[in-house]
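Colleague: build me a structure from this.
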Amino acid sequence: MSDIQSTADADRILNQDKAEQKNVEVNAKKISRSHDDDMDEDEDMDENGGLTKEEIEAAEIQEAMNANPNAFAEEEDDFNFDAVENILDLPDAEFPRFTLAKNKARFLRMVSWYRQKEEWIEVAPVSGVTKLFKQQSKELEGIRASKLDYEMELETGTLTPSQRSYRRDELKMCRVQEKMAVHLISKLQVKIKSGRR
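Modeller: Alright, predicted model coming up:
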(Lines give C-alpha, C1' and ligand atoms only; values in the text may rest on other atoms or scores of the structure.)
Protein backbone atom coordinates (compact mmCIF):
# COMPACT_ATOMS: atom_id res chain seq x y z
CA MET A 1 0.00 0.00 0.00
CA SER A 2 2.85 2.36 0.83
CA ASP A 3 4.47 1.65 -2.57
CA ILE A 4 1.26 2.66 -4.34
CA GLN A 5 0.96 5.75 -2.19
CA SER A 6 4.58 6.76 -2.74
CA THR A 7 4.17 6.22 -6.50
CA ALA A 8 1.05 8.41 -6.45
CA ASP A 9 2.93 11.04 -4.44
CA ALA A 10 5.83 10.91 -6.90
CA ASP A 11 3.41 11.33 -9.86
CA ARG A 12 1.69 14.25 -8.14
CA ILE A 13 5.02 15.93 -7.42
CA LEU A 14 6.18 15.31 -11.01
CA ASN A 15 2.93 16.79 -12.40
CA GLN A 16 3.31 19.82 -10.11
CA ASP A 17 6.87 20.32 -11.36
CA LYS A 18 5.67 20.07 -14.98
CA ALA A 19 2.85 22.56 -14.32
CA GLU A 20 5.26 24.99 -12.64
CA GLN A 21 7.71 24.63 -15.55
CA LYS A 22 4.86 25.27 -18.03
CA ASN A 23 3.83 28.39 -16.07
CA VAL A 24 7.40 29.64 -16.16
CA GLU A 25 7.54 29.09 -19.95
CA VAL A 26 4.17 30.82 -20.52
CA ASN A 27 5.23 33.80 -18.39
CA ALA A 28 8.55 34.00 -20.24
CA LYS A 29 6.68 34.06 -23.58
CA LYS A 30 4.34 36.79 -22.32
CA ILE A 31 7.27 38.88 -21.16
CA SER A 32 9.03 38.33 -24.50
CA ARG A 33 5.89 39.32 -26.46
CA SER A 34 5.40 42.38 -24.29
CA HIS A 35 9.01 43.37 -24.89
CA ASP A 36 8.61 42.82 -28.66
CA ASP A 37 5.41 44.93 -28.66
CA ASP A 38 7.22 47.70 -26.79
CA MET A 39 10.05 47.52 -29.32
CA ASP A 40 7.55 47.71 -32.22
CA GLU A 41 5.88 50.76 -30.66
CA ASP A 42 9.27 52.38 -30.16
CA GLU A 43 10.18 51.67 -33.80
CA ASP A 44 6.84 53.11 -35.01
CA MET A 45 7.36 56.21 -32.90
CA ASP A 46 10.93 56.52 -34.22
CA GLU A 47 9.71 56.17 -37.83
CA ASN A 48 7.00 58.81 -37.32
CA GLY A 49 8.98 61.02 -34.97
CA GLY A 50 6.56 60.18 -32.13
CA LEU A 51 3.55 61.61 -34.03
CA THR A 52 0.08 60.09 -34.29
CA LYS A 53 -1.56 59.34 -37.63
CA GLU A 54 -3.78 62.44 -37.33
CA GLU A 55 -0.79 64.65 -36.54
CA ILE A 56 1.07 63.29 -39.57
CA GLU A 57 -1.93 63.98 -41.85
CA ALA A 58 -2.29 67.50 -40.42
CA ALA A 59 1.42 68.12 -41.02
CA GLU A 60 1.10 66.79 -44.57
CA ILE A 61 -1.83 69.15 -45.24
CA GLN A 62 0.02 72.08 -43.71
CA GLU A 63 3.07 71.33 -45.85
CA ALA A 64 0.90 71.16 -48.98
CA MET A 65 -0.81 74.42 -47.99
CA ASN A 66 2.55 76.14 -47.58
CA ALA A 67 3.78 74.80 -50.93
CA ASN A 68 0.67 75.79 -52.88
CA PRO A 69 -1.74 78.08 -50.98
CA ASN A 70 -4.03 78.49 -54.02
CA ALA A 71 -4.81 74.77 -54.00
CA PHE A 72 -6.71 75.27 -50.75
CA ALA A 73 -8.86 78.18 -51.83
CA GLU A 74 -12.47 77.82 -50.76
CA GLU A 75 -13.88 77.74 -54.29
CA GLU A 76 -14.95 74.35 -55.58
CA ASP A 77 -12.34 72.17 -57.22
CA ASP A 78 -11.82 72.47 -60.96
CA PHE A 79 -13.00 68.88 -61.54
CA ASN A 80 -16.59 68.84 -62.80
CA PHE A 81 -18.19 65.59 -61.66
CA ASP A 82 -21.41 66.24 -63.58
CA ALA A 83 -19.60 66.55 -66.93
CA VAL A 84 -17.96 63.14 -66.63
CA GLU A 85 -19.95 59.96 -67.12
CA ASN A 86 -17.12 57.48 -66.52
CA ILE A 87 -13.96 58.63 -64.74
CA LEU A 88 -12.16 55.57 -66.07
CA ASP A 89 -12.47 56.92 -69.63
CA LEU A 90 -10.50 60.06 -68.76
CA PRO A 91 -6.81 60.38 -69.66
CA ASP A 92 -4.53 60.38 -66.61
CA ALA A 93 -3.87 64.11 -66.94
CA GLU A 94 -7.58 64.87 -66.47
CA PHE A 95 -8.06 62.76 -63.34
CA PRO A 96 -9.22 64.64 -60.23
CA ARG A 97 -6.34 65.95 -58.11
CA PHE A 98 -6.04 65.20 -54.41
CA THR A 99 -4.15 67.10 -51.75
CA LEU A 100 -3.24 64.11 -49.60
CA ALA A 101 -0.76 61.57 -50.92
CA LYS A 102 -2.78 58.73 -49.37
CA ASN A 103 -5.84 59.77 -51.40
CA LYS A 104 -3.81 59.99 -54.61
CA ALA A 105 -2.63 56.44 -54.04
CA ARG A 106 -6.11 55.29 -52.99
CA PHE A 107 -7.60 56.82 -56.12
CA LEU A 108 -5.11 55.05 -58.41
CA ARG A 109 -5.82 51.72 -56.69
CA MET A 110 -9.56 52.30 -57.14
CA VAL A 111 -9.12 53.11 -60.82
CA SER A 112 -7.17 49.90 -61.30
CA TRP A 113 -9.75 47.84 -59.38
CA TYR A 114 -12.75 49.29 -61.26
CA ARG A 115 -11.02 48.82 -64.64
CA GLN A 116 -10.34 45.17 -63.81
CA LYS A 117 -13.97 44.65 -62.77
CA GLU A 118 -15.29 46.24 -65.97
CA GLU A 119 -13.11 43.90 -68.03
CA TRP A 120 -14.16 40.94 -65.86
CA ILE A 121 -17.87 41.65 -66.43
CA GLU A 122 -17.48 40.70 -70.11
CA VAL A 123 -16.49 37.11 -69.28
CA ALA A 124 -18.02 36.64 -65.83
CA PRO A 125 -20.87 34.24 -65.10
CA VAL A 126 -24.21 35.82 -64.19
CA SER A 127 -23.97 34.42 -60.64
CA GLY A 128 -20.65 36.23 -60.07
CA VAL A 129 -21.99 39.43 -61.58
CA THR A 130 -25.08 39.24 -59.35
CA LYS A 131 -22.89 38.78 -56.27
CA LEU A 132 -20.71 41.77 -57.20
CA PHE A 133 -23.86 43.82 -57.91
CA LYS A 134 -25.14 43.18 -54.38
CA GLN A 135 -21.75 44.01 -52.83
CA GLN A 136 -21.38 47.23 -54.81
CA SER A 137 -24.95 48.33 -54.05
CA LYS A 138 -24.31 47.89 -50.34
CA GLU A 139 -20.95 49.66 -50.58
CA LEU A 140 -22.57 52.54 -52.46
CA GLU A 141 -24.84 53.16 -49.47
CA GLY A 142 -21.77 53.51 -47.23
CA ILE A 143 -20.05 55.84 -49.70
CA ARG A 144 -23.10 58.08 -49.86
CA ALA A 145 -23.39 58.16 -46.06
CA SER A 146 -19.72 59.19 -45.75
CA LYS A 147 -20.20 61.81 -48.46
CA LEU A 148 -23.17 63.27 -46.58
CA ASP A 149 -21.15 63.33 -43.33
CA TYR A 150 -18.29 65.25 -44.98
CA GLU A 151 -20.71 67.69 -46.61
CA MET A 152 -22.39 68.38 -43.27
CA GLU A 153 -19.04 68.84 -41.50
CA LEU A 154 -17.91 71.31 -44.16
CA GLU A 155 -21.10 73.34 -43.72
CA THR A 156 -20.26 73.98 -40.08
CA GLY A 157 -17.89 76.86 -39.51
CA THR A 158 -16.02 75.16 -36.69
CA LEU A 159 -13.21 73.52 -38.68
CA THR A 160 -9.65 74.75 -38.83
CA PRO A 161 -8.17 75.36 -42.31
CA SER A 162 -6.29 72.07 -42.25
CA GLN A 163 -9.42 70.19 -41.09
CA ARG A 164 -11.42 71.82 -43.90
CA SER A 165 -8.78 70.80 -46.44
CA TYR A 166 -8.78 67.25 -45.13
CA ARG A 167 -12.60 67.02 -45.25
CA ARG A 168 -12.73 68.53 -48.75
CA ASP A 169 -10.19 65.99 -49.98
CA GLU A 170 -12.14 63.12 -48.40
CA LEU A 171 -15.40 64.48 -49.85
CA LYS A 172 -13.82 64.54 -53.31
CA MET A 173 -12.69 60.94 -52.78
CA CYS A 174 -16.27 59.95 -51.87
CA ARG A 175 -17.63 61.69 -54.99
CA VAL A 176 -15.11 59.92 -57.21
CA GLN A 177 -15.82 56.55 -55.65
CA GLU A 178 -19.58 57.11 -55.91
CA LYS A 179 -19.25 58.00 -59.59
CA MET A 180 -17.19 54.88 -60.36
CA ALA A 181 -19.47 52.61 -58.30
CA VAL A 182 -22.64 53.91 -60.01
CA HIS A 183 -21.10 53.32 -63.43
CA LEU A 184 -20.01 49.79 -62.48
CA ILE A 185 -23.43 48.98 -61.02
CA SER A 186 -25.15 50.08 -64.23
CA LYS A 187 -22.85 47.80 -66.27
CA LEU A 188 -23.56 44.95 -63.86
CA GLN A 189 -27.33 45.50 -64.28
CA VAL A 190 -27.00 45.31 -68.08
CA LYS A 191 -25.04 42.06 -67.82
CA ILE A 192 -27.55 40.55 -65.38
CA LYS A 193 -30.51 41.45 -67.63
CA SER A 194 -28.84 40.13 -70.78
CA GLY A 195 -27.80 36.92 -69.00
CA ARG A 196 -31.32 36.11 -67.87
CA ARG A 197 -32.88 36.34 -71.34
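Colleague: could you list the domains of the chain?
Modeller: 1-50, 53-195 (automatic domain parsing).
Colleague: can you count the residues close to the nearest residue to residue 100 once chain neighbours are set aside?
Modeller: Closest residue in space to residue 100, ignoring its immediate chain neighbours: residue 169 at 5.2 Å, by C-beta to C-beta, 6 or more residues apart in numbering. Backbone N, C-alpha and C define where each C-beta goes, glycine included. Residue 169 has 23 neighbouring residues, counting by other C-beta atoms under 10 Å.
Colleague: residue contacts, residue 140?
Modeller: Counting by C-beta atoms under 8 Å, 6 or more residues apart in numbering, residue 140 touches 178, 181-182, 185.
Colleague: so who does residue 132 touch?
Modeller: With C-beta under 8 Å, 6+ apart, residue 132 has these contacts: 117, 124, 188.
Colleague: buried ones in the helix or strand containing it?
Modeller: Assigned by DSSP states H and E, residue 132 falls within helix 126-155. Buried residues in helix 126-155, counted by 16 or more other C-beta atoms under 10 Å: 129-130, 132-133, 136, 140, 143, 146-147, 150, 153-154.
Colleague: and which of those is nearest residue 87?
Modeller: Checking the buried residues of helix 126-155 against residue 87 with C-beta to C-beta, the nearest one is residue 143 at 13.8 Å.
Colleague: my read is that the closest one contacts residue 174, right?
Modeller: Yes - between residue 143 and residue 174 there is a contact under C-beta atoms under 8 Å: 5.7 Å.
Colleague: got the phi/psi numbers for residue 80?
Modeller: phi -100, psi 100 (degrees, to the nearest 10).
Colleague: just give the number of residues close to the residue lying closest to residue 176 once chain neighbours are set aside.
Modeller: The shortest distance from residue 176 to any non-neighbouring residue, by C-beta to C-beta, 6+ apart, is to residue 96 (5.7 Å). Around residue 96 sit 20 other residues, with neighbours defined as other C-beta under 10 Å.
Colleague: confidence score at residue 96?
Modeller: On pLDDT, residue 96 comes in at 85.
Colleague: likewise for residue 4?
Modeller: 53.
Colleague: lowest-scoring secondary structure element of the protein by mean pLDDT?
Modeller: Within the chain, no helix or strand scores below helix 2-47, which has a mean of 56 by mean pLDDT, DSSP states H and E.
Colleague: quick check: which ranges of this protein have low pLDDT?
Modeller: 1-50, 53-78, 82, 196-197 (pLDDT under 70).
Colleague: separation between residue 130 and residue 167?
Modeller: To residue 167, residue 130 is 36 Å away according to C-beta to C-beta, to the nearest Å.
Colleague: what about residue 85, neighbour count?
Modeller: The number of residues packed around residue 85, counting by other C-beta under 10 Å, is 11.
Colleague: one more: residue 87?
Modeller: Around residue 87 sit 21 other residues, with neighbours defined as other C-beta under 10 Å.
Colleague: all good on my end, thank you.
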